[in-house]
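Enquirer: Pasted the sequence and its predicted model underneath.
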Amino acid sequence: MQSYIIRGYFITSRQFNFMLEISNLACVRGDHQLFSGLSFSLGAGELLQVQGENGSGKTSLLRTLCGFMQPAAGEIHWCGRDVHELGEEYYAEMIYLGHLNAIKDELNALENLRISAGLAGCAVDEKEALAALRRMGLRRREHLPVKVLSQGQRRRVALSRLLVGNARLWILDEPLTALDVGAVGLMQELIGEHLSKGGMAIFTTHQPLQVAGVETRQLMLS
Amino acid sequence: MQSYIIRGYFITSRQFNFMLEISNLACVRGDHQLFSGLSFSLGAGELLQVQGENGSGKTSLLRTLCGFMQPAAGEIHWCGRDVHELGEEYYAEMIYLGHLNAIKDELNALENLRISAGLAGCAVDEKEALAALRRMGLRRREHLPVKVLSQGQRRRVALSRLLVGNARLWILDEPLTALDVGAVGLMQELIGEHLSKGGMAIFTTHQPLQVAGVETRQLMLS
Amino acid sequence: MNRLSLFGLLGLVIRRDLLLAMRRRADVLTTLVFFVMVVSLFPLGVGPEPEMLRKMAAGVVWVAALLASMLSLARMFSADYLDGTLEQMLLAPQSLSVLVLGKIVAHWMLSGLPLVLIAPVLGLQFGMSFQGLWVLVLVLLLGTPILSMIGAIGAALTLGLRGGGVLVSLLVLPLCIPVLIFGTGAVDAVNTGMTFIPHVALLGAMFLLSLVFAPWVTAQALRISME
Amino acid sequence: MNRLSLFGLLGLVIRRDLLLAMRRRADVLTTLVFFVMVVSLFPLGVGPEPEMLRKMAAGVVWVAALLASMLSLARMFSADYLDGTLEQMLLAPQSLSVLVLGKIVAHWMLSGLPLVLIAPVLGLQFGMSFQGLWVLVLVLLLGTPILSMIGAIGAALTLGLRGGGVLVSLLVLPLCIPVLIFGTGAVDAVNTGMTFIPHVALLGAMFLLSLVFAPWVTAQALRISME
Amino acid sequence: MAINWFKYAAPASFYGLAGKMVPFFAWPAAILFALGIYIGFFVAPTDAVQSEAYRIMFIHVPVSILSMFIYLVMAGYAALGLIFNTRLSSMMATALAPTGALFAFIALWTGALWGKPMWGAWWVWDARLTSELILLFLYLGFIALQASIDDPRRADRAGALLAIVGSVNVPIIYFSVKWWNTLHQGSSIKFSDTSMHIAMKQALFIMLAACWLYVIAVTLVRVRSIILERERNTQWVSELAEVREGERS
Amino acid sequence: MNWAEFFAMKGYGLYVWGSYGAAFLVFIIEIILVRHKRKITLQQLRLMRDAGEGQ
Ligand code: HEM
Ligand SMILES: Nc1ncnc2c1ncn2[C@@H]1O[C@H](COP(=O)(O)OP(=O)(O)OP(=O)(O)O)[C@@H](O)[C@H]1O
Ligand SMILES: Nc1ncnc2c1ncn2[C@@H]1O[C@H](COP(=O)(O)OP(=O)(O)OP(=O)(O)O)[C@@H](O)[C@H]1O
Ligand SMILES: [Mg+2]
Ligand SMILES: [Mg+2]
């Protein structure tokens, strides 16, 4: 009933240093089995794209990796230990960006970034936050309440959280939504930098996304 | 300060039959002038893409066309008459699809479609609604509460409203958000059909969208 | 595909809001439970003297009704606003006032009607006379729709603003005071053996007045708020 | 970039929620005015007899407190839920209970504390004695946080309505009843010349009990609701 | 008479006019306050019933009357702004509201201080007192609504709608409250003012005039700030002397 | 007339002076506030002007 096509090679030197290992994962929503027997692993410097049609279970997979949903079967290991055991230790090393931006309309971009970074466990000073926002192309928009920003600008505020954390695992659910061509390029750059520092990323998107110098592994849900 | 590049030709035989005419439109948000002196017109069978970076004012332009925002200057005419005078007559002939899906999480796709069509002024029977949902690729999802659907499926429910109305003017703000490749193709098809029936469409998107046999006019905001 | 008549639209909106509420039954019950709780609290506070309780009864029921309808007011338009449905309603090629009227009727059926139905039980707890109970139900039936209508204006004006529920109450409660006064006045009149007709007539006039103006004013307020 | 301590986190959450509320300075005043208004409704309902009003006073103030915390409860988690912030909070590498405690404290500071501060003025309007006022403030100070804590559990459970929201309102609101009873009981005791210590002691016990359990239960409820 | 009213309906020209008018209201207000207090305290005789406490009247009554009057004026301006889309009228409404609320507050305060010696209670639930309290709530609602809306145009229009609905309600509220009270209890509280001394009347009217002038002056100053704030992007504001020649910051 | 007697107001001093004191205090505070607001507004306008020139 399901088929997975996993393509791509481990291109880093640390190829046996798997940090995230998924084995035999299954996901059931309602009466509906989205996937089962799914296994893959991800090491430092690797990039994985989850592909599939609308409703094929990409978001469900990513949310299962975050612990929001209990898998119907299978296990998720981080550095060799079950993520449920790890709990907060695992959360300290990952960052998740979903369909929702998790920003507050009433606050401005700067406040939003500093507060959400704080809630994620790291205090960020103003200078650092401003630098991140400017990198995301929000110069002269830092002090406007997010409510008045355009859809793409709001997405940029959400994405700027990636710049101030030091999470090793990025889980990005359609990060390119509402971004213009320039911002898509910027995201590719950011992912590239992250990988080159030994980070990992899993993402979904229906748009083309290519990171220079990195082979994107593909996981196809259907 | 602003520049507009309007490209494209009127390819229908009814090229002097402009239905939507915008003259000298200006839009101010906060202290910020987004555009001014914007003029264009649209006739039956024509397709206009509004382009520009994040925050360049695409959404603001479309919302002004819908009458949600008062233009700072300029006029919008429909069939030669000011849309503010026309009011409900104008609304009967247009349909707007924004960033928000305007669907209720607690209702299922079928109920959502029938109710939103009803609010837009036309009663749709169950068979017709089911056909529209199936055309949008929601077979076997019609009776699930929309809350459990995937992001792309939710967008499809919203888009299925296009199929049950008989509006002549479609105003679509990033209709392709969250849609997979198949659904993007379907949207292109639908827009093509709509145009060939003498309809008009204005849309924004950051993804490529090409309708077979129709030259897309481009309006660049910057 | 055929155009809906105005009555068709009204029915559709009412059915829709009731359907939505039935999917989230918690909201309906919260209002009702709150109402019963507030009313039951007073005998505890004031003590069990029957004479005093009988005097208070109408006032307590009315104040509780007023507060209970405040609880659900903030939600009246805000869900539709957040998910974009309200935008689509403003683009409907029919009268927005009719649509608003539908939402008001639905709100009343969910937050006013249950109170009217349970009020006799509470009245009995306070030892109200049969005649008094009857008048209480009558004035509640006339008065709670007014609360919903005035409340709709407030809810529309505060759409999308922070401060939500409290701000609406701040705007709406002072405007509802006449309803409260005439509503309790009618019951008191019965208890003191006078005629309650003038009070009911005044409530009726206020009902008609708000029926004529409130939907339209609310529609204007919605347009202002959506800009 | 350095890690936050638990106290740092608590402070951050409280500051955040207050900041969100303070975006408009008017909001703080709004709450105060709201209390005065709700309290003023009762004399309009039950009549101006000073004796009756004095007896009702404590009950009226407690009802206003309950209403204020109910009105703002719905927003306690739902805004964060709708815009995705709650998801991020569940992913925070710190204790969720502490985070929830922060939100409860902020909620109390916004909806409970103003009432405690204005209660003496309201008491004067109802002709309460000095001793009664003093006890009223004391029990409010103990009781309003309990309302916030119990309310948080309800708000978390009704979020997105897993776990049967209908039951929740039936469970949570009745849980507030003991608070109201002991709260008004203490003031009544003073007025009738008895000792108010037992009431206050019971309230204190409830306060400690809910302080220990409510944040944790709320955190679990949130995890259930988000699934 | 060929005064061009529309000229002064434009914020730019009204700004200058208002600036010139302020002293013409402020100084007479100050002088009349001084005069009124002199007559009120040194000329008017002691009251037979109330002894010296009645002197509170000279501040209480003008302030109470104005607090109600200002609401009507405010609602009128707001309605004008909504119907004819004249920005200046909306700004006037916004500028009047805080003063109105303060006057309602002073009326309550002085009333309470008068009530304690006369009735033995700071507060009784009497019709006039209660409706004054409700009036204060109406003011605060208007202010809170406008304060919580960022976009000034939306704030104007929403506030106007509220003020109009409120002013339709004010008479209903007033009479309902009056009826409420008389139904419940006979009016045991009555203040006889049949035999008012001429000096008392003089003091009362002088204070009333002083308060009225004060309201106008304060409102004009406030509306000038509001005009500047709203028109900050226009040419004429940037060319104002007080903006151009102000010290560099 | 004796000033102490005048201020005592036959025992009603607290109430009378409480009223007038509060009223004029409120007036004075309001005057200070509107003038302060004018100052702040002008200051902000100048800030805006300087920022505009800086560009
Ligand atoms: C908090 C308490 C009080 C409030 C809110 C209040 C409010 C008002 C208001 C609104 C007015 C003008 C309305 C009208 O003309 O009918 C007024 C007038 C007046 N008040 Fe008060 N009042 C209070 C207490 C008192 C007390 C204690 C006295 C005297 C014992 C008093 C004596 C008067 C008199 C003599 C007038 C003017 C005569 C008249 O217009 O009827 N007030 N007050
Ligand atoms: N209770 C349920 N009963 C039946 N099907 C369900 C239920 N809950 C979820 N589903 C289905 O599970 C799938 C969830 O998909 P998910 O959100 O993971 O998709 P996705 O791959 O992220 O899609 P998209 O590209 O649209 O974001 C959908 O097909 C949805 O219809
Ligand atoms: N009050 C305000 N003050 C200053 N700037 C504002 C204000 N309100 C809106 N803006 C700006 O106006 C622009 C609105 O853009 P709009 O939403 O129309 O953009 P868009 O072209 O649709 O962008 P996107 O591609 O991201 O959807 C944004 O740049 C926003 O920052
Ligand atoms: Mg998805
Ligand atoms: Mg946009």
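Expert: Received it, and whenever you're ready, just let me know what you need. Numbering: from 1, shown residues only, chains lettered A, B, ... in the order given. Ligands and ions are numbered 1, 2, ... in the order given.

Enquirer: Please list all residues in contact with the residue of chain F found nearest chain B.
Expert: Here chain F gets closest to chain B at one residue, F:M48, 8.9 Å apart by CB to the nearest CB. All C-beta spots, glycine's among them, are computed from the backbone N, C-alpha and C. By CB atoms under 8 Å, 6 or more residues apart in numbering or on different chains, the residues touching F:M48 are E:R232.

Enquirer: That one is in what secondary structure piece?
Expert: Using DSSP states H and E, F:M48 maps to helix F:13-54.

Enquirer: Check A:F40 too.
Expert: Residue-wise, A:F40 maps onto strand A:32-43 under DSSP H and E.

Enquirer: Can you spell out which helices and strands pack onto that strand?
Expert: Contacts defined by 3 or more CB pairs under 8 Å, 6 or more residues apart in numbering or on different chains; DSSP states H and E place strand A:32-43 against strand A:18-29, helix A:58-66, strand A:73-78, strand A:200-204.

Enquirer: and that strand, is it in reach of ligand 2?
Expert: Yes. Contact of strand A:32-43 with ligand 2 (CB under 6 Å from any ligand atom) involves A:32, A:34.

Enquirer: anything in that strand sitting right up against ligand 4?
Expert: No. Using CB under 5 Å from the ion, strand A:32-43 stays clear of ligand 4, with a minimum separation of 11.3 Å.

Enquirer: can you map out the strands along chain A?
Expert: A:6-7, A:18-29, A:32-43, A:47-51, A:73-78, A:81-82, A:94-97, A:122-123, A:169-173, A:200-204, A:216-220 (DSSP state E).

Enquirer: sorry, back to before: gap between the residue of chain F closest to chain B and chain C?
Expert: The gap separating F:M48 from chain C is 25 Å, by CB to the nearest CB, to the nearest Å.

Enquirer: ranges for the helices of chain C?
Expert: Using DSSP state H, the helices of chain C run over C:6-23, C:25-46, C:50-73, C:75-82, C:85-90, C:96-107, C:113-125, C:130-157, C:164-191, C:197-226.

Enquirer: Pick the most deeply packed of these.
Expert: Sort those by mean neighbour count, taking mean count of other CB atoms under 10 Å in any protein chain shown, and helix C:164-191 sits at the top with a mean of 26.

Enquirer: hmm, that helix touching chain D?
Expert: Yes. Shown here: helix C:164-191 in contact with chain D (CB under 8 Å from any CB of the partner chain) through C:164-167, C:169-170, C:173-174, C:177, C:180-181, C:184, C:188.

Enquirer: Lowest pLDDT pick from these?
Expert: Least confident of the residues of helix C:164-191 next to chain D in the model: C:G164, at 68.

Enquirer: what sits against the closest residue to C:A58 other than its chain neighbours?
Expert: Residue nearest to C:A58 in three dimensions, not counting chain neighbours: C:V187, with 3.5 Å by CB to CB, 6 or more residues apart in numbering or on different chains. Applying CB under 8 Å, 6+ apart, we find C:V187 in contact with C:57-58, C:128, C:132, C:135-136, C:139, C:196.

Enquirer: The helix holding F:M48 and ligand 1, are they touching?
Expert: No. Judged by CB under 6 Å from any ligand atom, helix F:13-54 stays clear of ligand 1, getting no closer than 9.7 Å.
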